[in-house]
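[1] prediction below, plus the sequence it came from.
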Amino acid sequence: MLKCSRELFSLEENVHYLNNAYMSPNLKSVEMAGIIGVKAKSQPYRMKGEQFFQPLQNLKRSFAKLIACNDPQHIAITPSASYGLATIAKNLTIGSKKNIVIPGGQFPSNYYVWERLAKEHDLEIRLINPPTEYDNRAENWNYALLNAIDEDTLVIACGHVHWTDGTLFDLKALRQKCWDVSAYFIIDGSQSIGALPFDVNEFQPDALVCVGYKWLFGPYSIGFAYFSERFLYGTPIEENWTTRMGSDDFKNLVNYQSDYRPGASRFSMGGSANFINVPMMQTALDQILAWSVKDLQQYSVNLISDYISAFEAKGCFIEKPTGRCNHILGVKLPNGIDSKVLHKNLKNKQIFVSLRGDTVRLATSIYNSRRDMDAFLSVLHRAEIA
């Protein structure tokens, strides 16, 4: 069983950071890896050619292990989720398909790319909003998503969990429905990979995108994309020298190559060998794999379980366990509590959360403890209901 590891981070003593879904704090080891990377470029004559390539292969192997992918050649290095999604959109075969299905309130990066594609190809976007009734909310939302997918559906794009409140999407059922109608199944794992177990062999997405700076504890501007066999011979959105065959032979770079490196390497961003971000990301993944994602999720289960009844006693709505994850907990405030006033009072006490409408998003991780949860509950208890 994991214990609180706050000492591995540089969080200030009086801060209660319950907002990992916004951005994770750096592990001290990740920070040090970045400092070493910065210093390395001060003496570029010491850097070897293989440093453009071997660290990336190691990084792909680590991410592949994290999502139970047997072949790291299915992994590309990206700067963001939107980069991966743009690559996916560029390589879809549209044919006679007529609509795209998306959960309502999707993070903007996983909406705008489909909005653009819809405009370019005269496709309908079916935005499936969450139910307004709380009874069986997650179940009914998943049911509505499944019903929106039909023979004319080109793609369904969703997260494993909803980024605003942790609602869990039924990926197995959505995967099966996509098979039934020959639709693409695209997953944004930015708010789940690293915190919630994910197995590509179980869910079999056509593609998966994930940022590095949230639940993977990495730096900003680096992430990952998994591409199934369906995409592996597609066209990248940019051409860069490192993705071509033989590019590790510097003396022959002027002999241009038409062939790409094997697998998803063609989709990796230019500058992916970043000598600062890559070692930081590798250090972070090493730590997550040492902890194990299953145990990280259980840590959040243990942390929040004693507080659910207290939130409900205040009149808040909490999704039942079968309909949500545990690392992101949506606490929907009862009518009468001014969410803006509550948020201000929380900040005054150095309690950092995210507010999404009338829902407070608590995003907990290995550095959080009951001290953080008690601090939040104390302010919530004092919130006046008009």
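    That came through fine. Residues are numbered from 1 along each chain as shown.
[2] low-confidence regions, the stretch 251-386 of the chain specifically.
    Along the stretch 251-386 of the chain, segments meeting pLDDT under 70 span 386.
[3] domains in the protein, by residue range?
    The chain breaks down into these domains under automatic domain parsing: 6-21+292-382, 38-289.
[4] please identify the most buried of those.
    domain 38-289 (a mean of 19; mean count of other Cβ atoms under 10 Å). In this view, the C-beta of every residue, glycine as well, is placed from N, C-alpha and C.
[5] now do the strands in the stretch 201-350 of the chain.
    Under the criterion DSSP state E, counting those that start in this stretch, strands of the stretch 201-350 of the chain are mapped to 207-211, 223-227, 328-332.
[6] so where do the strands sit in the stretch 1-150 of the chain?
    Going by DSSP E, counting those that start in this stretch, the stretch 1-150 of the chain shows strands at 16-17, 75-78, 99-103, 124-128.
[7] could you redo those strands as TSV and give each row distance to N277 and mean pLDDT?
    Conversion of these to TSV gives the following (distance: least, Cβ to Cβ, whole Å; pLDDT from 0 to 100):
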stretch	distance to N277	mean pLDDT
strand 16-17	22	98
strand 75-78	9	98
strand 99-103	30	98
strand 124-128	33	98
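[8] looking at the strands of the stretch 201-350 of the chain, which is closest to M47?
    When those are compared by Cβ to Cβ, strand 223-227 sits nearest M47, at 23.8 Å.
[9] same for the closest one, what does it pack against?
    Judged by 3 or more Cβ pairs under 8 Å, 6 or more residues apart in numbering; DSSP states H and E, the packing partners of strand 223-227 are strand 75-78, helix 81-90, strand 207-211.
[10] and of these, who's closest to A21?
    strand 207-211 (11.1 Å).
[11] for the closest one, packing partners?
    helix 81-90, strand 184-188, strand 223-227.
[12] so which of the ones you listed comes closest to K41?
    strand 223-227 (21.8 Å).
[13] pairing partners for that closest one, with directions?
    Strand 223-227 has the following strand partners under DSSP bridges: strand 75-78 (antiparallel), strand 207-211 (antiparallel).
[14] middle-most residue in the protein, spatially?
    Nearest to the centroid of the C-alpha atoms of the chain, with distances taken as Cα atoms, centre = their mean, sits S190, at 0.6 Å.
[15] tell me the spacing between that one and V161.
    Using Cβ to Cβ, to the nearest Å, one gets 10 Å for the distance from S190 to V161.
[16] pipe the helices and strands packed on strand 223-227 into JSON lines and attach distance to L171 per row.
    JSON lines is the format used below for these (distance: least, Cβ to Cβ, whole Å):
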{"stretch": "strand 75-78", "distance to L171": "19"}
{"stretch": "helix 81-90", "distance to L171": "17"}
{"stretch": "strand 207-211", "distance to L171": "10"}
